[in-house]
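Asker: got a predicted structure plus its sequence, pasted below:
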Amino acid sequence: MLFGSFCISWLLFVASGLPATGAQPPNVLFIAIDDQNDWIGAFGGHPLAQTPHLDRLAERGTIFLNAHCQAPLCNPSRTSLMLGLRSSTTGIHGLAPWFRTLPEWRDRVTLPQHFKSAGYRTLTSGKIYHGGVGGPQQRLREFDVWGPAGGIGVRPEKKLIPPTPMGNHPLMDWGVFPHRDEDKGDYQVASWTIERLREAPRDQPFFLAAGFFLPHVPCYATQQWFDLYPDDDSVLPPVDERDRDDTPRFSWYLHWELPEPRLRWVRENGQWRNLVRSYLACTSFVDAQVGRILTTLEETGLAENTIVVVWGDHGWHLGEKQITGKNTLWDRGTRVPLIFAGPGVTAGGRSTQPAELLDLYPTLIDLCGIDPRDDLEGISLKPQLVDASARRARPAITSHNQGNHGIRSERWRYIQYADGTEELYDLENDPNEWQNRVGDPELAEIVAEHRRWLPKVDRPPAVGSQHRVLTYDPATDEAIWEGRVVTRDAEIPQ
Ligand SMILES: [Ca+2]
Ligand SMILES: [Ca+2]
């Protein structure tokens, strides 16, 4: 009898590629939130942030308070996560290219493809990849089932803010917009995901991805989400007016030619508070959409056998270091929310160990008990999901174009730019990263320790890339971008 049931489960295992444990392996609900920094209640990034649904998920799971992206920009961050490789390894640093256009990564097995090969049904909607997947045939190669694209949804007839010095970029906008919540791409992504949960077959595990677009700009939300936040300066993050005085000049060049207005413009045009409230309002709106999905997960009885993971693709500045935008190697630019909940995950866990989005691929296959891979650059977070105090040996590493890297350990942040200039911050005593201590002789050993983690492989931008810093001459304060000389004072808007 025993032998007979062993044979049957072995046959099932061979047929499906899934472990023969008797119970079905867990499903995966994979939720991405675009440009979401740590302004989420459970993460403490903003004292007024209202995200009750994400907070509830954090209570029944484990969160990483020191998790960081591998690149502070959509395409390279998402490519890194889905391939399990650093941007310094792929050479994909900018908004292009789509990795399948590169011969080296054309057949690379992504995270959802690995789940598919293990017998999972894979589904997606909204923004998981940074667009450009291709036509119907190419799409089916990446996921079995595709839902709505999500995105911005209904837009106002004209922009709500004045033109910025970088032109009238359509994405660079925010404010109260009198549309309906149901008109938002993110609402539709949540609705589609809910339908898929309700009709999920019970005899096959799923990998279901939902990619929310907000609080990416344009930050449009209805009045009810703005009403959660006071219309006064208490919403503004702390900013040191002289903060950039001790940062290398080169750090400005990472933001050249991006449609992100600097704090000075935002302030001079009376937009700072409006931008901050818009970002918070959009965060709360997305939280409500995540809440709709999580409620369905519980109502359908799927919650107990579903791993939920929520991640942001990189951080976002709202005035800190004079930046309103992304593309930085400071904590505000690299730190992301990261929540796991479900079978095998300890409830109420709070890890302060450095974690990387790169770790999601090995973590999810570890949690689901499917075949490990030896070609991933991340490390499974399962030890921390069991015991949040478990140590991790290595820091989180973020790269932004070739030669620019941030190394975040439990206490310190070290940055090295392509011209060799450096920064060091003590996050324990200086959580806002206001004091660059790289020149402090007492900290020379700390600097040396962190330098050791700089990526050994650091590829130049892949074919089809944009935004490349080629050279910089501190004597003349000139950088060459795309073969063109630019000078900070003359050309870089601040
Ligand atoms: Ca993004
Ligand atoms: Ca400073």
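Answerer: Great, that's in hand. Ligands and ions are numbered 1, 2, ... in the order given.

Asker: every contact and neighbour count from this point should use C-alpha atoms.
Answerer: Noted.

Asker: and the strands in the stretch 301-450 of the chain, which stretches?
Answerer: Using DSSP state E, counting those that start in this stretch, the strands of the stretch 301-450 of the chain run over 306-312, 317-318, 324-325, 338-341, 349-351, 355-356, 396-399, 405-408, 412-416, 422-426.

Asker: which among those strands is found nearest to K184?
Answerer: strand 306-312 (19.0 Å; C-alpha to C-alpha).

Asker: quick check: whatever residue of the stretch 151-300 of the chain ends up closest to ligand 1 vs P26, distance?
Answerer: Nearest residue of the stretch 151-300 of the chain to ligand 1: H216, at 6.7 Å (C-alpha to the ion). Separation of H216 from P26 (C-alpha to C-alpha, to the nearest Å) stands at 31 Å.

Asker: torsion angles phi and psi at the nearest residue to P259 once chain neighbours are set aside?
Answerer: Distances taken as C-alpha to C-alpha, 6 or more residues apart in numbering place M166 nearest to P259, at 5.6 Å, with adjacent residues excluded. Main-chain torsions, M166, degrees, to the nearest 10: phi -90, psi 10.

Asker: for G126, same thing?
Answerer: phi 70, psi -160.

Asker: so which of the strands of the stretch 301-450 of the chain comes closest to ligand 1?
Answerer: Ligand 1 lies closest, by C-alpha to the ion, to one member of those: strand 306-312, at 7.6 Å.

Asker: related to what we said a few turns ago, tell me the confidence at the residue nearest to P259?
Answerer: In this model, M166 is scored at 71, pLDDT.

Asker: likewise for A15?
Answerer: A15 is given a pLDDT of 40.

Asker: low-confidence ranges in the stretch 1-150 of the chain?
Answerer: By pLDDT under 70, the weakly predicted segments of the stretch 1-150 of the chain are 1-22.

Asker: and if we set it to 50?
Answerer: Counting by pLDDT under 50, the low-confidence segments of the stretch 1-150 of the chain come to 1-21.

Asker: enumerate the residues of it near ligand 1.
Answerer: Neighbours of ligand 1 within the stretch 1-150 of the chain, by C-alpha under 5 Å from the ion: D34, D35, C74.

Asker: just give me the closest of these to ligand 2.
Answerer: Nearest to ligand 2 among those: D35, at 23.8 Å, using C-alpha to the ion.

Asker: contacting residues around the closest one?
Answerer: If a contact means C-alpha atoms under 8 Å, 6 or more residues apart in numbering, then D35 has C74, L214, P215, H216, G312, D313, H314, G315, W316, K326 as its contacts.

Asker: pretty sure the first one is touching A96, no?
Answerer: No: with contact defined as C-alpha atoms under 8 Å, C74 and A96 do not form a contacting pair (9.9 Å).

Asker: higher neighbour count, those two?
Answerer: C74 (26 against 21; other C-alpha atoms under 10 Å).

Asker: distance of the residue nearest to the spatial centre of the chain relative to ligand 1?
Answerer: Against the mean C-alpha coordinate of the chain, by C-alpha atoms, centre = their mean, the closest residue is D313 at 1.3 Å. According to C-alpha to the ion, to the nearest Å, D313 stands 5 Å off from ligand 1.

Asker: one more: D38?
Answerer: Taking C-alpha to the ion as the measure, D38 falls 13 Å from ligand 1.

Asker: list the contacts for the closest residue in space to that residue that isn't next to it in sequence?
Answerer: Once flanking residues are discounted, D38 sits nearest to G45: 4.8 Å by C-alpha to C-alpha, 6+ apart. With contact set as C-alpha under 8 Å, 6+ apart, G45 has these partners: N37, D38, W39.

Asker: and which of these is nearest to I446?
Answerer: Distance ranking of those against I446, using C-alpha to C-alpha, places D38 first at 26.1 Å.

Asker: the closest one: neighbour count?
Answerer: The burial count assigned to D38 is 27, neighbours taken as other C-alpha under 10 Å.

Asker: ok, it touching G44?
Answerer: Yes: under the criterion of C-alpha under 8 Å, D38 makes contact with G44 at 7.0 Å.

Asker: can you give me the strands in the stretch 151-300 of the chain?
Answerer: 174-176, 206-212, 219-221.

Asker: Serialize those strands to a markdown table and add fields for mean neighbour count.
Answerer: As requested, those are exported to a markdown table (neighbours: other C-alpha atoms under 10 Å):
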| stretch | mean neighbour count |
| --- | --- |
| strand 174-176 | 22 |
| strand 206-212 | 26 |
| strand 219-221 | 27 |
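
Asker: go through those and name the closest to R459.
Answerer: Between the strands of the stretch 151-300 of the chain, strand 206-212 lies closest to R459; by C-alpha to C-alpha that is 28.5 Å.

Asker: let me know the average pLDDT across the closest one.
Answerer: 98.

Asker: contact partners of it?
Answerer: Defining contact as C-alpha under 8 Å, 6+ apart, one finds that strand 206-212 is touched by 27-34, 112, 115, 120-128, 150-151, 186, 189-190, 193, 200, 286.

Asker: A96 and ligand 1: what is the separation?
Answerer: 13 Å.

Asker: quick one: pLDDT of the residue of the stretch 151-300 of the chain found nearest ligand 2?
Answerer: Distance from ligand 2 to each residue of the stretch 151-300 of the chain (C-alpha to the ion) is smallest for D243, at 3.4 Å. pLDDT, D243: 93.

Asker: that one against G319, yeah?
Answerer: No: in this structure, D243 is not within contact of G319 by C-alpha under 8 Å, at 11.0 Å.

Asker: so between the two, which is more surrounded?
Answerer: G319 (24 against 16).

Asker: spatially nearest residue to that one (excluding sequence neighbours)?
Answerer: Here the residue nearest G319, using C-alpha to C-alpha, 6+ apart, is L263, at 5.3 Å.

Asker: got the confidence number for that neighbour?
Answerer: Per-residue confidence (pLDDT) for L263: 88.

Asker: E491 too?
Answerer: For E491, the predicted pLDDT is 48.

Asker: any chance of the strands of the stretch 151-300 of the chain in JSON lines, plus distance to ligand 2?
Answerer: JSON lines is the format used below for the strands of the stretch 151-300 of the chain (distance: least, C-alpha to the ion, whole Å):
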{"stretch": "strand 174-176", "distance to ligand 2": "28"}
{"stretch": "strand 206-212", "distance to ligand 2": "33"}
{"stretch": "strand 219-221", "distance to ligand 2": "28"}
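
Asker: of all these, which one comes closest to I92?
Answerer: strand 206-212 (20.6 Å).

Asker: now do the closest one against strand 306-312, angle only.
Answerer: Orientation of strand 206-212 against strand 306-312 (axes from the mean of the first three to the mean of the last three C-alpha atoms, to 10 degrees) gives an angle of 30 degrees.

Asker: does strand 206-212 come close to ligand 1?
Answerer: No: counting by C-alpha under 5 Å from the ion, ligand 1 is not contacted by strand 206-212; separation bottoms out at 10.0 Å.

Asker: parallel or antiparallel, list what pairs with that strand.
Answerer: Here strand 206-212 has these sheet partners by DSSP bridges: strand 27-33 (parallel), strand 121-126 (parallel).
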